[in-house]
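K.L.:
Sharing a model prediction with you, sequence too.
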Amino acid sequence: MATISAAHDHFTIERILKAPPSAVFAAWSSKEAKAQWFAGPPDQALSSSREMDFRVGGRERLTTEWKSGLVSAFDCEYRDIIPNERIIYCYGMKLNGKPISVSLATVEFKAHGAGTKLIVTEQGVFIDGYEDKGSREHGTNGLMDNLVRVVDG
């Protein structure tokens, strides 16, 4: 019999960037810009496909086939966008076609001197026996480190 469960978690990650909010927001709002930082280690991926329709009600999908044989799928819907200030989106994750989580993420861009204070808050539910053990927060921290490297150079 399949395990039916729902385990909740949440986290907040902050970064200070040298770039202004408009530049940090731009790194989230186009397919080409986001592809530069929203990805796992390039030496681990065999292939990936990305679709992005950045608007309220629009979707973003990223599917990656990893050298390990794992296939991960990120499927997002943008719920609220205020340019240079806030992005709110809901997303589901699958591993090898099996749903593992559903999350709500809020990204805030706050002026911080000449730069930006980026605040990412995520509330997630891990379903049907998937044990996250902090890997989502760890992975998101890695993505934010990538973002800082790309935006701040």
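P.N.:
Done, it's in.
K.L.:
Relative to the strand of greatest length in the chain, what are the paired strands and their orientations?
P.N.:
What stands out as the longest strand in the chain, according to DSSP state E, is strand 98-112. Taking DSSP bridges as the criterion, strand 98-112 forms sheet pairs with strand 86-95 (antiparallel), strand 115-127 (antiparallel).
K.L.:
can you give me the helices in the protein?
P.N.:
21-29, 31-35, 135-152 (DSSP state H).
K.L.:
As PDB, could you dump the C-alpha coordinates of the longest one?
P.N.:
Coordinates of the C-alpha atoms in helix 135-152 are reproduced here as PDB (Å, rounded to 0.1, in the frame of the first residue of the first chain):
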ATOM      1  CA  SER A 135      17.900  19.200   1.100                       C
ATOM      2  CA  ARG A 136      15.400  21.800  -0.300                       C
ATOM      3  CA  GLU A 137      16.800  24.600   1.900                       C
ATOM      4  CA  HIS A 138      20.400  23.400   1.100                       C
ATOM      5  CA  GLY A 139      19.600  23.400  -2.700                       C
ATOM      6  CA  THR A 140      18.000  26.800  -2.500                       C
ATOM      7  CA  ASN A 141      21.000  28.200  -0.700                       C
ATOM      8  CA  GLY A 142      23.200  26.900  -3.500                       C
ATOM      9  CA  LEU A 143      20.900  28.600  -6.100                       C
ATOM     10  CA  MET A 144      21.100  31.900  -4.200                       C
ATOM     11  CA  ASP A 145      24.900  31.600  -4.100                       C
ATOM     12  CA  ASN A 146      24.800  31.000  -7.900                       C
ATOM     13  CA  LEU A 147      22.600  34.100  -8.300                       C
ATOM     14  CA  VAL A 148      25.000  36.300  -6.300                       C
ATOM     15  CA  ARG A 149      28.000  35.100  -8.500                       C
ATOM     16  CA  VAL A 150      26.100  35.800 -11.700                       C
ATOM     17  CA  VAL A 151      24.600  39.200 -10.800                       C
ATOM     18  CA  ASP A 152      27.500  40.600  -8.800                       C
END
